[in-house]
Every structure is written in structure tokens, then in C-alpha cells.
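Engineer: Pasting the sequence and the predicted coordinates here, then a few questions.
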Amino acid sequence: MSNAGVTTNYLSSPVKARSEDSFAITFAPLSLDAVYALADDPGNGAIVVMSGMVRNQTDGKPVVSLEYQAYEPMAMQIFKQIAVEIRQQWQDVNRVAIHHRIGKLKIGEISVLVGVGCPHRSEAFEACRYAIDTLKHNAPIWKKEHWQDGSSSWVSIGACETQGC
């Protein structure tokens, strides 16, 4: 499923999310247990949770920390839109949870959690992968890599990279 060539104004047309879904952008540490519980449903046969973490290097260059910033109103609308798109392709999905950290994170800390619960494992895996890939491409979230040598650089991981926010 692709929206190539489609421009959506996420702020002027709010996306209606299902009440059972969960979306968050927070300075607080993310919890695997909490996102798993938010993706849980009696109709699930599978829950897939993807955890993105701060690693100690990028392309072989030592990293000491990352700093995330987001344009929160638009990012939250994009998270909701991702859930809508997931259900258009995988109608049996019961729950979607997308949580992202902002602020300065240390090596090993979780930066993003995506949880998808549905009756079958293959759909849960596919929908979860779609969610993280779409988030990374569309959400206005940026990270600053702090290098061991004291330098740092911003890396765009969201919509502004292609949409010029």
C-alpha cells in the first residue's frame, strides 16, 4: 500500500482513530510491557512489538547518545493515519499502539515502540512492519546523533525530508 504522489494535510483534516488504539510522543521512558498490554485483545492470536533502540554506532562511527525532536501535532495525526491505513489493508487488526520518545536518550534506551495485535501472526508481522516503515518515512521526527568525538549532526527521519516542512 503506497501513498506515492498523494499529499495529505494532516493538520487540517484530523484523522479519527479507534478508541482502542494508543499513540504517544513522550519524554518518559517507553515500556515494552505497557505497549504489549495496549496491543492485547481477546481476539488476538498474535501480538508483534517492534522496539527501536539507541545503538552505540552508526556506519561504524561511535555514538554516545541520540536526541529526538518532533512536530507533535502532525506526528500524532500521522500515527493515527498509519492505524487507519493498516486496517484498510489488514481488516482483522484489533489494536495498534505507536509510541515515540523525544529528548536525549542514552545507548540502549528505547526510542520507539510499535505494537500490533490481530488474530493471525503473518498479518501482525506485516502490519507492524508497515507501521514502523511508514512512521520513519512520514512522521516529522528528527534525531541528533552525538558522536564520541564530541561532534553531532541532525538526521531527518520524517516527512519534512520530502515535504519541506
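Structural biologist: Perfect, I can see it now.
Engineer: for whichever helix or strand Lys80 is part of, which positions count as buried?
Structural biologist: For Lys80, the host element (DSSP states H and E) is helix 72-89. Neighbour counts over helix 72-89 (16 or more other Cβ atoms under 10 Å) mark 74-83, 85-87 as buried. C-beta here means a position set from N, CA and C on the backbone, and glycine is covered the same way.
Engineer: Quick one: the residues you listed as CSV, columns for pLDDT and distance to Ser19 too.
Structural biologist: Listed next are these as CSV, based on pLDDT from 0 to 100; distance: Cβ to Cβ, whole Å:
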residue, pLDDT, distance to Ser19
Met74, 96, 21
Ala75, 97, 20
Met76, 97, 15
Gln77, 96, 16
Ile78, 97, 19
Phe79, 98, 15
Lys80, 97, 12
Gln81, 97, 16
Ile82, 98, 16
Ala83, 98, 11
Glu85, 97, 18
Ile86, 97, 16
Arg87, 96, 14
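Engineer: Taking those residues together, which two end up most distant?
Structural biologist: Maximum pairwise distance in those, criterion Cβ to Cβ, is 20.8 Å, between Met74 and Arg87.
Engineer: in the protein, which spans are strands?
Structural biologist: Defined through DSSP state E, the strands belonging to the chain, from first to last, are 22-26, 46-53, 57-58, 61-70, 95-101, 103-106, 110-118, 141-147, 152-156.
Engineer: what mean pLDDT would you report for stretch 144-164?
Structural biologist: Per-residue confidence for stretch 144-164 averages out to 75 on the pLDDT scale.
Engineer: quick one: contacts for Glu20?
Structural biologist: 41, 94-95 (Cβ atoms under 8 Å, 6 or more residues apart in numbering).
Engineer: ok, 6 Å please
Structural biologist: With contacts defined as Cβ atoms under 6 Å, 6 or more residues apart in numbering, Glu20 is in contact with Arg95.
Engineer: For the residue of the chain positioned farthest from its centre, which non-adjacent residue is closest in space?
Structural biologist: If you look at how far each residue of the chain sits from its centre, by Cα atoms, centre = their mean, the farthest one is Asp149, at 29.2 Å. Of all residues beyond its chain neighbours, the one nearest Asp149 is Pro62 (7.8 Å), with distances taken as Cβ to Cβ, 6 or more residues apart in numbering.
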